[in-house]
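Trainee: Could you look at this predicted model? Sequence included:
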There are 4 protein chains.
Amino acid sequence: MQHSIVDSSFAAIHTPAGAILYASDFKLDRTPTIGEAPDFTRLKKLGNDGVVAMITESTNSGLSGKTPSEKIAKDLVCDVLLGTEETESGVIITTFSSHVARINAIIQAAQEMDRIPVLLGRSMERYLSIAQKLGYIKFPENLEIYGNRNSVDKFLKRVSQEGKKEYLPIVTGHQGEPNSILTRIADGETQFRIKPGDKVIFSANTIPTPTTIANRYALETKLKMAGARIYENVHVSGHASREDHWELIRMISPEQVIPSHGNMTMHSSYVELAEDAGYVFGDTVHIMRNGEELVL
Amino acid sequence: MQHSIVDSSFAAIHTPAGAILYASDFKLDRTPTIGEAPDFTRLKKLGNDGVVAMITESTNSGLSGKTPSEKIAKDLVCDVLLGTEETESGVIITTFSSHVARINAIIQAAQEMDRIPVLLGRSMERYLSIAQKLGYIKFPENLEIYGNRNSVDKFLKRVSQEGKKEYLPIVTGHQGEPNSILTRIADGETQFRIKPGDKVIFSANTIPTPTTIANRYALETKLKMAGARIYENVHVSGHASREDHWELIRMISPEQVIPSHGNMTMHSSYVELAEDAGYVFGDTVHIMRNGEELVL
Amino acid sequence: MQHSIVDSSFAAIHTPAGAILYASDFKLDRTPTIGEAPDFTRLKKLGNDGVVAMITESTNSGLSGKTPSEKIAKDLVCDVLLGTEETESGVIITTFSSHVARINAIIQAAQEMDRIPVLLGRSMERYLSIAQKLGYIKFPENLEIYGNRNSVDKFLKRVSQEGKKEYLPIVTGHQGEPNSILTRIADGETQFRIKPGDKVIFSANTIPTPTTIANRYALETKLKMAGARIYENVHVSGHASREDHWELIRMISPEQVIPSHGNMTMHSSYVELAEDAGYVFGDTVHIMRNGEELVL
Amino acid sequence: MQHSIVDSSFAAIHTPAGAILYASDFKLDRTPTIGEAPDFTRLKKLGNDGVVAMITESTNSGLSGKTPSEKIAKDLVCDVLLGTEETESGVIITTFSSHVARINAIIQAAQEMDRIPVLLGRSMERYLSIAQKLGYIKFPENLEIYGNRNSVDKFLKRVSQEGKKEYLPIVTGHQGEPNSILTRIADGETQFRIKPGDKVIFSANTIPTPTTIANRYALETKLKMAGARIYENVHVSGHASREDHWELIRMISPEQVIPSHGNMTMHSSYVELAEDAGYVFGDTVHIMRNGEELVL
C-alpha cells in the first residue's frame, strides 16, 4: 500500500473459512514519490477469493473526497521553497522524521535552490540514515547531518557566520515540542537568530489535541514576534478519505467490516459509509470497543 | 498577473508625483496552466521607480501561507477523474464557466479517460466559445457543447440511452443555484438519473454566504440520497494569500497602502500584515469605507 | 416530567419481567413556571422496583452540564423586555406557539411594560386558546388575538396608526419561514414598518439545518437593514443535557439502555455517558437503527 | 456602573469644551446582586450636557443581544448546587477570586445545601477578607478560610476523613493553572481524592487563548478520568454586549467615539455598531493603535 511511511502493507490472514484482511495505515496514492501505487490487482483478487472480515482504519472516513497524492505535497513544498523573489532570506523547514518521501522532496528542492540541505536532530539522523542504507533515498554529496545537540548547535553557529542563504535546515519540532530544535531556535537559545522575513515552513499538520495546539501556537507566536513568515500545513495526509474507503470496501467486498483506529465519531462516519455500500449496522458492520470479542 | 480568469492585470496610473498601483484580483502563480507567470521584473521596476499608493485586495490576506498554483488544481482534478478503479460509473463535474484554465484541464483529463467532454449550459457555451475564438483554449474534435435547455435535455436523454461511461458532462450549478443543470439533475427533472456510485465532482469552493451554503447542502443531500459519491472543493483559490501579499508589498514598497475588495475583518488582516512590513496604521496604511476620500 | 411543552410524561410499560421505560422529551427542571417539578419519588421507586430497559433521548447528551430551568428563560425574557431606557421603541417578540410557559412569561412582562400583549398567527391562536381552555394559562383582560391573515394585517395597520409603543406583538416566524408574519413584516408587506431602534426578540434557538440557518440569516439581514436591533437566542432548551442524563440513568438503574431521538453522533455521546455509569457498549447499552429489533 | 468586580465606575473628565467619558469595564445590569444598577439618570444628564469624546470597551461588542444580569448567574449556580438528587457527593466549585458577588451567591447556596463553605487559596483569602472588611459581603459564622498551602492541605485531609458531604470548597484554578489547588487535586497531590460522581463546577468562562484552553483541557481530562462530573461555564460575562453598547452610545450621544480594550476585530465590530447609530468611520468613530494620538 502507500502511506506517510515507506513500505506500508495490509495483512491478509488466510483461513479455511476465507481471509481476514487487516487494512489500516494506508492511502490509495496512484502517483507516490517513493515506491509503487497500491497493488490493485492483488486487492481485487483477494476480494474475488472472498474476505470474511475486514478491519480497517476509520481515521479520516469523515473527510469528504479523496486524499491527495504525495505528488501534490511535493509540488506544494517546491512551490513554497522555490516560488519567491526573496531568495536571500533564511529558510527553515520542519516535517516528520519518519516521512522519507517528503524529506526526499525537500532535499531535491534544496539542490534547485542552490542551498545545502542539512538534516538536524537525533530522529532525523536515525530515520534518514536507515532509509539511505535500505536504498529508499539517495543523499546528494553536499548533504550534512547533525544528530546530537552539540553538533546541531555548532552547525547553527556556523550558519550564523557564513550566512543563512547557503543552507536549508530540515528540522524536528513541527508540533512545538518543548526542547525540539525549532522551539530552541524560537526561544533564541541557538546562534541561529530569526530575522524579519525569514521563512519557517511546516510541512506537517498540527495534531489536533489541545496540548499540541497550544505548543504550536506558542511556537508560532515566538517565531512571528521575531519577524518570521510562517507557511503552515504544506502537507497532505497519509490516511485514506471517505471516497478512498468507498473504493476499498467495494473492491474487497468483505462479508463483515469492523472500523478501527479511531474514536466513536470516526467509527460512526465509517458505519454511514458502509451503510451506503449496503452493509447493515450491527449485522455486517460493527463498532467495537477495546477488549471486546466478536464471534462471526 | 494570474487569477482564476485569464489575462488579469494590475493598473498603474503614472502621475508626476509617482505611480498609483491598483493591484486586485491576482495570485502569484509561477506555474500557471494558461498564460505566463506574473511579470516580476516589471513589478520590481515599478517599485524602484516609486509608487505613491497601492490599492490592493484584502480578500485572502487572513489566510496563512501562499495560494497554491493552478497546476495543483489541475493535478487534483486529474487524480479524482483518473484515479479510480470504478471506470464505468457516471461522472459529472462542475466548475466556474469563467475559469478557462480549469475547464481546459478537465477537457484534457476527459481525453485520457476516453470519454467525450461535453460543456452544458448557456454560460459554459458563451465563455468557452469566446475563449476558443481568442485562442486561450483548443477544443478536441470530439468535444460537444449544448447551451440552451432543450439541447441540454436532449443530450442528457441521449446519455441515458447510450451509457454514462461514454461522456464527461461539465456543468454549471456548483453553488446549488435553483434551476441550474446540476440541481435539475438532482431533482430528477432530466433523463440523466443519478445511480449509486455515480460521481459528482465540485471543482469550486462554496461561496460562504448562508444562502449559498443552504443551496449547496440541499443539492448535495439530494445527490447523496440518490447514491452519488461527492468530491468537494477539488479546487484552489484565485486570490493571493498572506505571504503572497507580503512578497508584493515588499516588491512594490508603496508609500501608502489601502486594502480594498474585502470587509472590515479582511482589511484588519491586511493592516496587520502591512504593520509587519513597517507600515503605520492611520499614517501609511488606511482602512477606507465606500465613498470616502483620502488626500495624500 | 418537564419539557418545552406542558404535561410531558414518561411511559412505563410494566411487564412480568420488569418495566420498560420510555424516557424522551424531558428536562429535569426543578423550578418550572407551569406545572410541577418532575416526580423524583416516583422515578426512584420505578428504579428500585427494577427497570429492564430504558429508551431515552440522546439529543443533548453531548452538551456539558445541566439544562437551565425555564425560570432562567423567563428572567432573560423579562430583562430584555423591561431592561431598557428606550421604552418608546417598537418591540416584536417571536417564540414557539407550542411553548405555553414562555408565552405566559411574555404576557406577564407586557403587563409590566404597560403594553397590550397581542398574539398573532393561526398557530398562536390555536395553541393558546386551547391552553387557556385547559387552564394552563390565564389571559389578562386586555390581551388580543388575531389568527387569520386579514385580521393580523388589520391589526398591524392599526398599530401603525396608534403607535407601536402601546403594543407587544407576539408572533410566529422565528425560523425565518417564508410567509410567516415576521418575514412579511421584514419584507415590508404589512403596515407595520420597522424603524431604526425597533427591537426584534427571538425567544427561540435556530434549528441547526442549513435551510433554517439561511432563512434566519435572510430574515435578520432584512430586519437589520431596516434598522432593527436584534436579540437572538433569549431561550433555554427543553431537552436534558449530559448531567441530567447522568442523574436519570443513576436514578433508574435500568438493566439495558437504548439511546433514541438522535443521530449516530448524539447516540455516541450517550454511549460514552452510559459507559461512565458502568454500562458496556454492545452488552448493556445499544445503538440501534430504525427498524432494527433487539431481543433481551 | 456594574461589572464582575464591585464598584466599577466610568470616569468623566470635564473640560471647557465638554466632557471626555472613559467608559470601560462595565455591563448594564439592572438586577445586580451587590450594589445598585447603573446610574442612568446621571448618564443621561452627562449626555445632555454634551460629551466631546467617549472611549469605550469594544470587548464584547461583537456578541449579539444583551449581557445577562448577575442575577442569572446566581440562579444558575444555585440550580447546579441545589438541583440534584445526589446530595451526598463531593462538590467543588471554582470561580474568580475577584468576583465577590458570585462568591457571595455560592456561600448562600452552601447554607441551603447544609454544607460549610470553605474558601481555599491565597487570592481567595486576600480578596474576600478585604471585601468583608469593606462591607461588600457578610460571612456566615461557619465559613472557613485557608490561604497558604499548608493550611489548605491540612483542610483537604480533614475533609477526606470527615466526609465530603459536609463541605463546599470554593477554590482557585478554573483556568487550569499549573499548581493551582484544583490542578493539584486533579493530580492526586492532596488527600481530597476525586471519586466517580463527585461534581466539579466551573463558575467562569475559559479565557480563549490556546495555552489556557490546553490547561483547562488537561485539567478536565484528569478530573473526568477520576470520575468527576463537570459543569462548565456556569457563568455570565461582566462585559457589555452589542445592544448594551447601542443603549449607551444613544444615551451619551458623544461627538466622537473611540473603541478601546480590544483587538482589531473587536474594534471593527464596534465601528459597525457606531455606524448603525449614525457615526462615520474615520470622521466621528476612530480605530486607534497604542501610542497613537488623535487631535479633535
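Mentor: Thanks, I have the structure now.
Trainee: What strand or helix carries the closest residue to residue A:18 other than its chain neighbours?
Mentor: Closest residue to residue A:18 apart from its sequence neighbours, by CB to CB, 6 or more residues apart in numbering or on different chains: residue A:52 at 4.0 Å. C-beta coordinates here come from the backbone N, C-alpha and C atoms, glycine included. Using DSSP states H and E, residue A:52 falls within strand A:51-57.
Trainee: Could I get the full set of strands for the stretch 101-250 of chain A?
Mentor: Using DSSP state E, counting those that start in this stretch, the strands of the stretch 101-250 of chain A run over residues A:116-120, A:144-146, A:167-171, A:199-202, A:229-231.
Trainee: among these, which is nearest chain C?
Mentor: For chain C, the closest of those is strand A:199-202, at 30.3 Å, according to CB to the nearest CB.
Trainee: Give the pairing partners of that closest one; include direction for each.
Mentor: According to DSSP bridges, strand A:199-202 forms sheet pairs with strand A:91-94 (parallel), strand A:229-231 (parallel).
Trainee: So which of the ones you listed is the most surrounded?
Mentor: Ranked by mean neighbour count, those are led by strand A:91-94 with a mean of 25 (mean count of other CB atoms under 10 Å in any protein chain shown).
Trainee: What's the mean pLDDT across it?
Mentor: The average pLDDT within strand A:91-94 is 98.
Trainee: returning to what we had before: which strands and helices sit next to the strand holding residue A:52?
Mentor: Counting contacts by 3 or more CB pairs under 8 Å, 6 or more residues apart in numbering or on different chains; DSSP states H and E, strand A:51-57 packs against strand A:18-23, helix A:242-252, strand A:256-260.
Trainee: ok, and what's touching the first one?
Mentor: What it means is strand A:18-23. Strand A:18-23 has contacts (CB atoms under 8 Å, 6 or more residues apart in numbering or on different chains) with A:10-13, A:46, A:49-57, A:248, A:252, A:254-255.
Trainee: Buried ones from the residues you listed, can you make that a ChimeraX selection?
Mentor: To isolate the buried members of the contacts of strand A:18-23 in ChimeraX, using 16 or more other CB atoms under 10 Å in any protein chain shown:
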select /A:10,12,46,51,53,54,55,56,57,248,252,254
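Trainee: show me what contacts the closest residue to chain B within the stretch 101-250 of chain A?
Mentor: Nearest to chain B in the stretch 101-250 of chain A, going by CB to the nearest CB, is residue A:231, at a distance of 4.3 Å. By CB under 8 Å, 6+ apart, the contact set of residue A:231 is A:80, A:199, A:200, A:201, A:202, B:64, B:65, B:66, B:243.
Trainee: Leaving out sequence neighbours, find the closest residue to the last one.
Mentor: If the residues on either side of it in the chain are set aside, residue B:243 comes closest to residue B:66, at 4.7 Å by CB to CB, 6+ apart.
Trainee: ok so, going back, assess the claim that the residue nearest to residue A:18 and residue A:15 are in contact.
Mentor: Yes. Here residue A:52 reaches residue A:15: they are 7.3 Å apart, a contact under CB atoms under 8 Å.
Trainee: Overlap in contacts, those two.
Mentor: Contact with both residue A:52 and residue A:15 is made by no residue, according to CB under 8 Å, 6+ apart.
Trainee: Which residues outside the strand holding residue A:52 are in contact with it?
Mentor: Around strand A:51-57, the neighbours that count as contacts under CB under 8 Å, 6+ apart are A:12, A:15, A:17-26, A:239-240, A:245, A:248-249, A:252-262, A:270, A:296.
Trainee: Partner strands of it, with direction?
Mentor: With DSSP bridges as the test, strand A:51-57 is paired with strand A:18-23 (parallel), strand A:256-260 (parallel).
Trainee: How far off centre is the longest one?
Mentor: Right, strand A:18-23. Distance, stretch centre to chain centre, for strand A:18-23: 25 Å (CA atoms, centre = their mean, to the nearest Å).
Trainee: now the following helix or strand past that strand against strand A:51-57, angle please.
Mentor: Counting by DSSP H and E, the next helix or strand C-terminal to strand A:18-23 is helix A:40-49. Relative orientation of helix A:40-49 and strand A:51-57, computed by axes from the mean of the first three to the mean of the last three CA atoms, to 10 degrees: 130 degrees.
Trainee: For stretch A:77-86, what is the distance to the chain centroid?
Mentor: Using CA atoms, centre = their mean, the offset of stretch A:77-86 from its chain centre is 21 Å.
Trainee: Looking at the strands paired with strand A:51-57, which one is packed in the most?
Mentor: Ranked by mean neighbour count under mean count of other CB under 10 Å, the strands paired with strand A:51-57 are led by strand A:256-260, which reaches a mean of 22.
Trainee: Tell me, how many residues neighbour the closest residue to chain D within the stretch 51-200 of chain A?
Mentor: Closest approach between the stretch 51-200 of chain A and chain D, counting by CB to the nearest CB: residue A:176, at 10.0 Å. By the measure other CB atoms under 10 Å in any protein chain shown, the count of residues near residue A:176 is 24.
Trainee: got it, and residue A:290?
Mentor: For residue A:290, using other CB under 10 Å, the count is 5.
Trainee: what does residue A:14 give?
Mentor: The number of residues packed near residue A:14 is 11, by other CB under 10 Å.
Trainee: One more: residue A:280?
Mentor: Neighbourhood size, residue A:280 [other CB under 10 Å]: 12.
Trainee: Could I get the pLDDT score of it?
Mentor: Looking at residue A:280, its pLDDT reads 94.
Trainee: just the one 3 residues further on next, same as before
Mentor: Confidence at residue A:283, expressed as pLDDT, is 92.
Trainee: Tell me how far it lies from chain B.
Mentor: Noted for residue A:283: a distance of 19 Å to chain B, by CB to the nearest CB, to the nearest Å.
Trainee: Flag every residue of chain A that's near chain D.
Mentor: Residues of chain A lying near chain D by CB under 8 Å from any CB of the partner chain: A:209, A:210, A:211, A:213, A:214, A:215, A:216, A:217, A:218.
Trainee: show me what contacts the last one?
Mentor: For residue A:218, the residues meeting the contact criterion (CB under 8 Å, 6+ apart) are A:176, D:210, D:211.
Trainee: among those residues, which are in helices?
Mentor: With helices taken from DSSP state H, the overlap with these comprises D:210, D:211.
Trainee: Turn the contacts of residue A:218 into a markdown table, including pLDDT and distance to residue A:144.
Mentor: Compiled in a markdown table, the contacts of residue A:218 are given as follows (pLDDT from 0 to 100; distance: CB to CB, whole Å):
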| residue | pLDDT | distance to residue A:144 |
| --- | --- | --- |
| A:176 | 93 | 25 |
| D:210 | 80 | 35 |
| D:211 | 81 | 35 |
